[in-house]
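S.K.: With the sequence up front, the predicted model follows.
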Amino acid sequence: MKKIYSLTILLFIAFSSISISGFSQNAGDFRSRADGDWNDQAVWQRYNGSKWQNNQGYPGQNTGTGNVTIIGSDDITITASVPNAIGSLVIGDGSGTNETLTYDGTSAFTLTVSGSVTLNDGNVFITNATNPKTHILNIGGNFTIGSTSVFTPLATPDDELEVVFNGNSNQTIGGTISSIAFQDLRINKPSGTLTLSVPSSIAAAASATVFGTLTLTSGVIVTTATNLLTLNNGTTVAGSSSTSFVEGPLRKVGNTAFTFPVGKSGNGIHPISISAPANATNAFTATYYRQPASSRAAIGSPLTVLSNTEYWGLSRDAGTSTVDVTITWNADSPNGSAYVTTLSGLTVGSTNGSSAWTLAPGTSTTISGNTTAGTVLRTGISNFGYFALASLIAGGSPLPVMYDGVKAYAKNTGVQVEWSNLTERDIISYYVERSSNGSEYSEIAAYQPKSNRNDKASYTYFDASPVAGANYYRIRAVELGGKNIYSKTLRVELSGTASVNTYPNPVTGRQMTISLTGMREGSYNVRIVNANGQDVFKKQIQNRSSATSEMIELPSSAKPGIYTIVISNENFNTSKLFIVK
C-alpha cells in the first residue's frame, strides 16, 4: 500500500509514458518486493543467475551490485549512505503507480550509481527536513526522464539534493521530458562531456534549471539553444576553469552581477560578465563562439581591427536593464599567432548580426590586465547582440593574422610546408623561414598575398634541400604597418633518405610487402588508391626501427590495374605506384 507523505518535497517526478529500460537479468541484480528501508534485505530480491531470491542482502551492501529496479508501487527509503556503488537504477515499472525513492533527511546520505539512472513513473522525496544538509546522488551514466514527468524542486527547501555527474565517458541528461530542475548540479568528470538533451517545448523556456549551486569541478557541459541551461535568481556558480565550463548558451536570471563561465572544448574557458541588472526577473543568455568576428558581420567605423579568433553572443531575454559588459582574453585566445600586442586602443565592438561591427554603444571603456590575459569593460550597454575584442588604433591588437593548418612534413626527399590565413587582410608578404637549431632562422621562400580581402588564403612550399637531421620551419607574415607575425614552429627530422618500396611489383596475387626505410619511428597511415582515386585498402602500421617491412593482403575488389600506395602521418607524406596483374 502506498504511503501518504505530508513532507517537504525536493524532487517530484511523475511518469506515465516510459517503460522500464530493457535490462537482461544478471547475477547481482536487485529488484524491490516491498516498502521499506533500502538497507533492509527484507524489501529486496536478488538474482543469482537463474532465479530471484529473497533476503540476500541489499543493493550496494557489497561490491558487485548490478542493475537495481524499484517496482510494484514500492516506496524505498534511504536512511544511511549506501556503502558501495550500484550498477544502474530504474525507478518505476511504467504502470503509473508511482514508485518512490526517499532520502530520509535526518542526516546527509549518498547514493552512487556507476551507470545510468532512469526514472519512469517514480518519485524522489526528502523527508524530515531539519538541520539543513545536502544529500548526494552520484551518476556515472546517463540520466533519462519521461515526457509527462515533472522534475522541479521547491525554490527554498530546507534540505538539498545535489546531483553529481562523474562518469569517465560522455553523459547525457535527457529523455522526452520538456524541462528539468535541479537544486544543486555538479559536474566532476575525469573525461568526457555532459550533454543536455532535453528540448524545451515552450518558447524561451529553460530545458534545465538550477536553483541552488552549479559546481564546475571538471568537465564540460554542452548545451544548445533548444537544450538550454538556466541559472535561476539566487543561483551561484562554484569552480569553473579552463577544463570545466559551459559550451553553448547559458542563461542567468536575477539582479546580481554575473560572470558566464562559457568556452569551447579544446580552447578553454572564455568568460563574459555583466553588472547587476535592475531587478530579479531580468534574464540574459551568453554564448562563446570560436571563430572570426568577421564571420558574423563586417568591420565598421570607428573600429580598425577586429578579433579574428573569438566573439560572444549576449542577449537580454527579459527586462529592460542597462548593464556593463566585460569581455576577456587569456592564454587560450591566440590561434597560432600573437593576439593582444598592446593594450592601447582596445575596446568592445558590437553588432546585431545584420549591421557592421562598431564601437559598442555605451559611456566609457576600462582596460585591465596585460597582453597575455586581461579584460575590457564597456559601461552602459542597452543594446545587445554580439560582442568582440576590437581596436580603435590602426594596426593595433588583436592582430589580423589567424594562422590555420600550419604543417611541415617529409615528402619524397624534401619537406612540404603548408599554411593558411583564415582572414587575410593588410598583408605585404609571407616568408618561409628554416633553422637547423630552432633559434637562428633564414628566409628560404617569399610569397605575395593572394587575396587581402579578409578571407581565407592557403599556401604551400616544397623545400627540396633540407639538411640531414632536424629542420625547423615557421611562417612570418609582414603587415602593412611593418609588424611581423609568426606561426608556430614545426620540426621535421630527416634521418637519411626516406623511401617506401613494394614487393613484388607487379603484384601477381593478393599479397604484397611494403618496406619503410630511413623513416622516423611512429604510426603511419597506409592507403591504397585505384586509378579512379578510390580507396581500396586502409591500415595503420607501426614503424619501430630505421627499416620496417610488413605484408598486407589486398581485398578481392583490387582488380588488375595501376594503384598508388600512400604512406603518411602528421609529419610525412609520400606515394608510390605499383601494378596488380
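M.R.: Thanks, I have it. Numbering: from 1, shown residues only.
S.K.: Surely residue 513 is in contact with residue 500?
M.R.: No - the pair formed by residue 513 and residue 500 falls short of the contact definition of C-beta atoms under 8 Å, at 11.4 Å. C-beta: built from backbone N, CA, C; applies to glycine.
S.K.: and the most centrally placed residue in the chain, what does it touch?
M.R.: Ranked by distance to the mean C-alpha position of the chain (C-alpha atoms, centre = their mean), the top residue is residue 265 at 3.7 Å. By C-beta atoms under 8 Å, 6 or more residues apart in numbering, residue 265 lies in contact with 193, 220, 222, 247.
S.K.: Which helix or strand contains residue 405?
M.R.: Element membership for residue 405, per DSSP states H and E: strand 403-411.
S.K.: Then residue 42 would be within a strand, right?
M.R.: No - assigned with DSSP: H, G, I helix; E, B strand; the rest coil, residue 42 falls outside any strand and is helix.
S.K.: which ones are touching it?
M.R.: With C-beta under 8 Å, 6+ apart as the criterion, the residues that contact residue 42 are 34, 36, 54, 55.
S.K.: which residues touch the closest residue in space to the second one that isn't next to it in sequence?
M.R.: Spelled out, it's residue 36. Leaving out its chain neighbours, the residue that sits closest to residue 36 by C-beta to C-beta, 6 or more residues apart in numbering is residue 43, at 3.6 Å. Residue 43 sits next to 32, 33, 34, 35, 36, 37, 58, 74, 76 when contact means C-beta under 8 Å, 6+ apart.
S.K.: okay, how far is it across stretch 302-322, tip to tip?
M.R.: In stretch 302-322, first residue to last residue: 23 Å (C-alpha to C-alpha, to the nearest Å).
S.K.: Pull out the buried positions in it.
M.R.: Taking 16 or more other C-beta atoms under 10 Å as the neighbour-count basis, stretch 302-322 is seen to contain the buried residues 303-314, 316, 319, 321.
S.K.: And these, which two are furthest apart?
M.R.: With distances taken as C-beta to C-beta, the most widely separated pair in the buried residues of stretch 302-322 is 304 and 319, at 34.0 Å.
S.K.: Thought residue 411 was touching residue 464, still the case?
M.R.: No - using C-beta under 8 Å, residue 464 is not in contact with residue 411, being 9.9 Å away.
S.K.: how deep is the closest residue to residue 325 other than its chain neighbours tucked in, by neighbour count?
M.R.: Nearest in space to residue 325, with sequence neighbours left out and distances taken as C-beta to C-beta, 6+ apart, is residue 381 at 4.8 Å. Residue 381: 22 surrounding residues under other C-beta atoms under 10 Å.
S.K.: from here on, count from 37
M.R.: Okay, residue one is now 37; in that scheme the one you just asked about reads as residue 417.
S.K.: from memory residue 417 sits against residue 401, does it?
M.R.: No - counting by C-beta under 8 Å, residue 417 sits too far from residue 401 to count as a contact (11.3 Å).
S.K.: For residue 458, see how far away residue 487 is.
M.R.: Separation of residue 487 from residue 458 (C-beta to C-beta, to the nearest Å): 11 Å.
S.K.: which one of these two has more residues nearby?
M.R.: Regarding residue 487 and residue 458, a neighbour count based on other C-beta under 10 Å identifies residue 458 as having more, with 23 against 13.
S.K.: What helix or strand is the more buried one located in?
M.R.: strand 450-460.
S.K.: for that strand, what is the average pLDDT?
M.R.: For strand 450-460, mean pLDDT is 85.
S.K.: For residue 376, see how far away the spatially closest residue to residue 63 that is not a sequence neighbour is.
M.R.: Closest residue to residue 63 apart from its sequence neighbours, by C-beta to C-beta, 6+ apart: residue 85 at 3.8 Å. The gap separating residue 85 from residue 376 is 64 Å, by C-beta to C-beta.
S.K.: Restrict the helix or strand harbouring residue 219 to CA atoms and write it as CSV.
M.R.: Assignment of secondary structure by DSSP H and E places residue 219 within strand 216-233. Output in CSV follows, covering the C-alpha atoms of strand 216-233 (Å, rounded to 0.1, in the frame of the first residue of the first chain):
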residue,chain,number,x,y,z
ILE,A,216,14.1,19.6,-15.6
ALA,A,217,15.1,21.5,-12.4
PHE,A,218,18.0,20.7,-10.1
GLN,A,219,18.5,22.2,-6.7
ASP,A,220,22.3,21.6,-6.9
LEU,A,221,24.1,20.3,-10.0
ARG,A,222,27.8,19.3,-10.1
ILE,A,223,30.0,18.1,-13.0
ASN,A,224,33.1,16.3,-11.8
LYS,A,225,34.1,14.1,-14.8
PRO,A,226,37.7,12.7,-15.3
SER,A,227,36.9,12.7,-19.0
GLY,A,228,34.1,13.2,-21.5
THR,A,229,31.3,15.8,-21.6
LEU,A,230,27.8,16.2,-20.1
THR,A,231,25.3,17.0,-22.8
LEU,A,232,21.9,18.5,-22.1
SER,A,233,19.4,16.8,-24.4
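S.K.: Direction included, what does it pair up with?
M.R.: Sheet partners assigned to strand 216-233 using DSSP bridges are listed as strand 196-201 (parallel), strand 207-211 (parallel), strand 244-258 (parallel).
S.K.: how far out from the middle of the chain is the second one?
M.R.: The offset between the C-alpha centroid of strand 207-211 and the centroid of the whole chain comes to 15 Å, using C-alpha atoms, centre = their mean, to the nearest Å.
S.K.: got it, and the longest one?
M.R.: A distance of 14 Å separates the C-alpha centroid of strand 244-258 from that of its chain, computed with C-alpha atoms, centre = their mean.
S.K.: Next, the buried residues of that strand.
M.R.: By neighbour count, with 16+ other C-beta under 10 Å as the criterion, the buried positions of strand 244-258 are 244-253, 255-258.
S.K.: Student question: in this protein, what's the helix or strand with minimum average pLDDT?
M.R.: None of the helices or strands of the chain scores lower by mean pLDDT, DSSP states H and E than strand 158-163, at a mean of 60.
S.K.: Show me what the next helix or strand after it is packed against.
M.R.: Following strand 158-163 in sequence order, the next helix or strand is strand 170-175 (DSSP H and E). For strand 170-175, the contact count by 3 or more C-beta pairs under 8 Å, 6 or more residues apart in numbering; DSSP states H and E identifies strand 146-149, strand 196-201 as packing neighbours.
S.K.: any idea how far residue 268 is from residue 200?
M.R.: Spatial separation of residue 200 from residue 268 under the definition C-beta to C-beta is 19 Å.
S.K.: And for residue 202?
M.R.: With distances taken as C-beta to C-beta, residue 202 is found 24 Å from residue 268.
S.K.: how about the helices of the protein, start to end?
M.R.: Taking DSSP state H as the criterion, the chain carries no helices.
S.K.: what domains does the record give for it?
M.R.: For the chain, whose domains are defined here by automatic domain parsing, the residue ranges read 47-289, 305-434, 439-530, 535-616.
S.K.: Put together TSV for those, with distance to residue 295 on each row.
M.R.: Supplementary listing: the domains of the chain in TSV, determined by distance: least, C-beta to C-beta, whole Å:
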stretch	distance to residue 295
domain 47-289	8
domain 305-434	4
domain 439-530	28
domain 535-616	37
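S.K.: Determine which of those approaches residue 297 most closely.
M.R.: For the domains of the chain, proximity to residue 297 was assessed by C-beta to C-beta; domain 47-289 is nearest, at 3.8 Å.
S.K.: what's the spacing between that closest one and its chain's center?
M.R.: Between the mean C-alpha location of domain 47-289 and the chain-wide mean there is a distance of 23 Å, by C-alpha atoms, centre = their mean.
S.K.: Stretch 400-413 now?
M.R.: The answer for stretch 400-413 is 27 Å, by C-alpha atoms, centre = their mean.
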